[in-house]
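Participant: Structure here, sequence nowhere to be found:
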């Protein structure tokens, strides 16, 4: 809709093509110079994606032990002060939950339960589980 604002009838075809191109890019598809579409997802297997180790991206497999200190990287529950940067100490490791003790902030000594969750993309074209 934003593309159609202020355009003339002669620009309408070019605007529609550009809009379609934007939607395809948003779906994770790449446009070759000749206009053919191909999915880039088939080029990268799970082994390659799991081996990526860079700044700002947590490791593929997080290994925790009882007694280790951890820091939250995401806001989980702001009302319980489980926010980005909160330091915790792992007390127990369950199958579906991690029991931690808060080490910083107003809730020092408070016990927090952090659920373990698989990161599964909602887009069916992504063949990798995170």
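Facilitator: Done, it's in. Since the model is a prediction, treat every value here as computed from it, not as a measurement. Numbers count the residues shown, from 1 in each chain.
Participant: Residue ranges of each domain in the chain, please.
Facilitator: Structural domains assigned to the chain are 9-43, 58-115, following automatic domain parsing.
Participant: Can you tell me which of those has the worst average pLDDT?
Facilitator: With a mean of 67, domain 9-43 has the lowest mean pLDDT of these.
Participant: can you map out the helices along this structure?
Facilitator: 12-26, 46-50 (DSSP state H).
Participant: Mind putting those helices into TSV with mean neighbour count and distance to residue 83?
Facilitator: In this view, the C-beta of every residue, glycine as well, is placed from N, C-alpha and C. Output for the helices of the chain, formatted as TSV (neighbours: other CB atoms under 10 Å; distance: least, CB to CB, whole Å):
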stretch	mean neighbour count	distance to residue 83
helix 12-26	12	30
helix 46-50	12	28
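Participant: Take those helices and lay them out in a markdown table including distance to residue 107.
Facilitator: Shown next, in a markdown table, are the helices of the chain (distance: least, CB to CB, whole Å):
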| stretch | distance to residue 107 |
| --- | --- |
| helix 12-26 | 40 |
| helix 46-50 | 35 |
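Participant: closest to residue 69 out of the ones you listed?
Facilitator: Taking CB to CB, helix 46-50 is the member of those nearest to residue 69, at 25.1 Å.
Participant: What pLDDT does the model give residue 130?
Facilitator: Confidence score, pLDDT, at residue 130: 56.
Participant: if you compare the domains of the chain, which one is most tucked away?
Facilitator: The highest average neighbour count among these, using mean count of other CB atoms under 10 Å, belongs to domain 58-115 at a mean of 13.
Participant: before we move on, back to that, turn the domains of the chain into a markdown table, including distance to residue 50.
Facilitator: Output for these, formatted as a markdown table (distance: least, CB to CB, whole Å):
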| stretch | distance to residue 50 |
| --- | --- |
| domain 9-43 | 15 |
| domain 58-115 | 4 |
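Participant: wait, residue 101 sits on residue 110?
Facilitator: Yes: contact criterion CB atoms under 8 Å: residue 101 and residue 110 qualify, at 7.3 Å.
Participant: ok, residues contacting stretch 65-77?
Facilitator: Residues from elsewhere that reach stretch 65-77 (CB atoms under 8 Å, 6 or more residues apart in numbering): 58, 64, 82-93, 100, 103, 114.
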